[in-house]
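# I'd like to go over a predicted model; first the sequence, then the structure.
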Amino acid sequence: MNVYIVEVAKRLAARGVEVDIFTRATSREMPPVVELAPGVLVRNVIAGPFEELDKDELPRHLCGLTSGVLRAEAAHDPGHYDLLHTHYWLSGQAGWTAKRRWGVPLVHSMHTMAKVKNAALANGDKPEPAERVLGEEQIVASADRLVANTGKEARELIDLYGADPARVTTVSPGVDLSMFRPESPLLARGLLPHRTGPARRRLRLPRDAYVLLFVGRIQPLKAPDVLLRAVARMLVHDPSLRSQLVVAIVGGPSGSGRCRPEGLQNLAAELGISDVMRFEPPAPQAELADWYRAADVTVVPSYSESFGLVAVESQACGTPVVASRVGGLCTAVADGESGVLISGHDPTDYAAVLHRVHAEQGLHARLARGAVRHAHRFGWDATVDNLLDVYSGAVYTGAVLPDENAVPAEVTA
């Protein structure tokens, strides 16, 4: 979501649309206003303690965030802002109040939805609270436009939340194709074997290794444990792979995963695969692109994904994806062309597919070619084109004031 907001904001500003991004300050050293790019200001609002908070603690600071947003607008002449675009349900709550005060249209992107997540919980994960469900229902009732990442998400908004189909528009997120690109055009065309270039040297990976990559938050929803269990099964089936296999986990604990920050390392030890593992902290985009280029396959075994940006970034670098057949991954990955989608989360199924991609002559090269082609459908410029159409439609038709009886009033307290 952070990548989405930053990339869209920069491109909107380049087209003459001034953008203010409101976010909660997490440090006393943060200045009140920072210029992210020409035409893009980040406003760090004081709302709660100056520290990173678990997402379950954030709702209690919504009043502070909302007040900060309203104060920033009050410092300008009336009509300073033409439109609000909120992201995730917490920001939507602040946006709902600002919309009423300013009389401007509200566009909202869910990114993830409580009802969808609760229907596909991983083992050990806790359901999203009723407070969030009610908050999302209120936003759906009050927003002038709802932006879905995929057609499937659009249907979920309509079927699960009763969204007005006329207010729902599908706009796929993008990927920075100048940053995420194949290491070599020859590799993208399948004319070089696996990964042979400088990315592996920079990351200290053997040239002849079979590298499996997981990128993302370490939490049950993202199911990195499925990859580890699949690797253990692969090594039982073919012990000779142990000398070639490298499994890289790039990311940090998040959500309920913070309760067991060493959980994956412990699981690797229990499975007897610690010797093939590399655990790396979250990486900046340039380094992340190197990880994609260095990998043979990126594995995305999530229980729920509104889109699956990791999958598209990987494919843009020429690396096929093996992913679960859920949510936006069905759009982000072209099954059989740019990667393989797997129904369910049985590690045995993942092990079989990952072994086949390694062993079957020509399969990896074909998927790598398809990965680059498929990823080029998702440039950020196309995303911004479509968002500008959404914004224009919302401004032209005017803001629709919400039904105050749509959900219990205490949600906005």
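The structure has been received and is ready for your questions.

# low pLDDT regions in the stretch 151-300 of the chain?
185-196, 254-261 (pLDDT under 70).

# which residue ranges form the strands in it?
With DSSP state E, counting those that start in this stretch as the criterion, the stretch 151-300 of the chain has strands at 168-170, 210-215, 245-250, 277-280, 297-300.

# With only the CA atoms kept, save the fourth one in CSV.
Presented in CSV, the C-alpha positions along strand 277-280 are these (Å, rounded to 0.1, in the frame of the first residue of the first chain):
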residue,chain,number,x,y,z
MET,A,277,17.9,-21.0,4.4
ARG,A,278,18.8,-17.3,4.2
PHE,A,279,16.7,-14.9,6.4
GLU,A,280,17.1,-11.2,5.3
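
# Backbone torsions only: list them for Phe22.
phi -100, psi 130 (degrees, to the nearest 10).

# can you pull the contacts of it?
Contact partners of Phe22, counting by C-beta atoms under 8 Å, 6 or more residues apart in numbering, are Arg43, Val45, Leu65, Gly68, Val69, Ala72, Ser91, Ala94. Every residue, glycine included, has its C-beta placed from N, CA and C.

# biggest separation within these, which pair?
Spanning the widest gap among these are Ala72 and Ser91, at 14.2 Å by C-beta to C-beta.

# Looking at the two, which one has more neighbours?
Ser91 (25 against 19; other C-beta atoms under 10 Å).

# Arg377 versus the more buried one, what's the distance?
Per C-beta to C-beta, to the nearest Å, Ser91 is found 28 Å from Arg377.

# for Ala230, same thing?
From Ala230 to Arg377 the distance is 28 Å (C-beta to C-beta).

# Comparing those two, which residue is more hemmed in?
Taking other C-beta under 10 Å, Ala230 and Arg377 do not tie; Ala230 has more neighbours (27 against 15).

# Is it correct that that one is in contact with His345?
No: taking contacts as C-beta atoms under 8 Å, Ala230 lies outside contact range of His345: 9.8 Å.

# one step back: closest to Val276 among the contacts of Phe22?
Ser91 (40.5 Å).

# Next secondary structure after the helix or strand encompassing that closest one?
Here Ser91 sits within helix 88-102, counting by DSSP states H and E. Moving toward the C-terminus from helix 88-102, the next helix or strand (DSSP H and E) is strand 106-109.

# Just the mean pLDDT for that next one, thanks.
Averaging the model's pLDDT scores along strand 106-109 yields 98.

# helices or strands up against the helix or strand just after that strand?
Where DSSP H and E defines the elements, the next helix or strand beyond strand 106-109 is helix 114-118. Packing contacts for helix 114-118, counted by 3 or more C-beta pairs under 8 Å, 6 or more residues apart in numbering; DSSP states H and E, involve helix 130-142, helix 151-161.

# With only the CA atoms kept, save stretch 221-241 in CSV.
Output of stretch 221-241 as CSV, limited to C-alpha atoms (Å, rounded to 0.1, in the frame of the first residue of the first chain):
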residue,chain,number,x,y,z
LEU,A,221,-1.7,-14.6,6.4
LYS,A,222,1.3,-14.6,4.0
ALA,A,223,2.0,-18.3,4.8
PRO,A,224,5.8,-18.4,4.5
ASP,A,225,5.7,-21.6,6.5
VAL,A,226,4.1,-23.3,3.5
LEU,A,227,7.3,-22.7,1.5
LEU,A,228,9.5,-24.1,4.3
ARG,A,229,7.4,-27.2,4.6
ALA,A,230,7.4,-27.6,0.8
VAL,A,231,11.2,-27.3,0.8
ALA,A,232,11.5,-30.1,3.4
ARG,A,233,9.3,-32.4,1.2
MET,A,234,11.5,-31.6,-1.8
LEU,A,235,14.6,-32.6,0.0
VAL,A,236,13.0,-35.8,1.2
HIS,A,237,12.0,-36.6,-2.4
ASP,A,238,15.3,-35.6,-3.9
PRO,A,239,18.2,-35.3,-1.3
SER,A,240,20.6,-34.3,-4.1
LEU,A,241,18.9,-30.9,-4.2
